[in-house]
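1. coordinates for the following, if possible.
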Amino acid sequence: MATDRGGNGRKDFIGSGWAFPVGVDARGRIALARGERDIEEAMLMILLTPKGQRVMRPEFGCEIHDLVFAPNDATTAGMAAHYVEEALTMWEPRIQVLDVDANPDPQVDGRLLVTIQYEIKATYDRRALVFPFYRIPGE
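-> Predicted coordinates for the structure are as follows:
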C-alpha cells in the first residue's frame, strides 16, 4: 500500500512541487501540490506552455498552440492528440501515456476536448485528464 509522505511507500517517488497556478499557502510560503495532484498540475503546466515560450528551455511545452487558428476538423484533432502525447512523454517522466484522443466539443464551437488516459508509474494508478483546447474560429 502506498504511503502519503515520510514513509518508504511508492507515493514518495511521486513527490511534490509548486502548485499551479503559483500561489502562497496560509503561512505565506509557496503553495505546494503533492502526490497525484502534483502530477496533474505538472501535466497542465506542460500543455498550457507554448513551445518556445521559456527562454532558457525553448523545447519545453506543447506545440498544440500552433493549432489555435486551424480548422475544427479531424486533421486538427489528430495533430492535437499527437502534440499532447509528444509533450507529456517528453516532459512528465512519472506517467505512462496510454492514449490521447481529441474531438471537437459538440457544445462549444472552437473547442477541442483532448482526453488523456495515463498511468502513474509508481503506483500503477490509471487516470484520465480532459484538457480543453480553445481555437479561434475562422471567419
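2. identify the residues contacting the top helix by length along the chain?
-> In terms of residue count, the longest helix belonging to the chain (DSSP state H) is helix 74-91. The contact list for helix 74-91, computed with Cβ atoms under 8 Å, 6 or more residues apart in numbering, reads 43, 46-47, 51, 59-64, 66-67, 70, 95, 97, 100-104, 112, 114, 116, 118, 131, 133, 135. Every residue, glycine included, has its C-beta placed from N, CA and C.
3. now with 10 Å?
-> The contact list for helix 74-91, computed with Cβ atoms under 10 Å, 6 or more residues apart in numbering, reads 42-43, 45-47, 49, 51, 57, 59-67, 69-70, 95-104, 112-116, 118, 129, 131, 133, 135.
4. which of those fall in helices?
-> The subset of those located in helices under the criterion DSSP H comprises 42, 43, 45, 46, 47.
5. how many neighbours does the last one have?
-> Residue 47: 23 surrounding residues under other Cβ atoms under 10 Å.
6. that one contacts residue 112, doesn't it?
-> No: in this structure, residue 47 is not within contact of residue 112 by Cβ atoms under 10 Å, at 11.9 Å.
7. where exactly do the strands run in the protein?
-> Assigned by DSSP state E, the chain shows strands spanning 16-18, 32-34, 95-104, 111-120, 125-134.
8. contacts only, for the most centrally placed residue in the chain.
-> Centrality entry for the chain: nearest residue to the mean C-alpha point is residue 43, 2.5 Å, by Cα atoms, centre = their mean. Under the criterion of Cβ under 10 Å, 6+ apart, the neighbours of residue 43 are 20, 62, 84, 87-88, 91-92, 94-95, 97, 116, 118, 127, 129, 131.
9. what about 7 Å?
-> 88, 92, 129 (Cβ atoms under 7 Å, 6 or more residues apart in numbering).
10. pLDDT weak spots in this protein?
-> Low-confidence segments of the chain (pLDDT under 70): 1-23, 31-35, 138-139.
11. highest mean neighbour count out of the strands of the chain?
-> The highest mean neighbour count among the strands of the chain, using mean count of other Cβ atoms under 10 Å, belongs to strand 111-120: a mean of 19.
12. what about it, distance to the chain center?
-> 8 Å (Cα atoms, centre = their mean, to the nearest Å).
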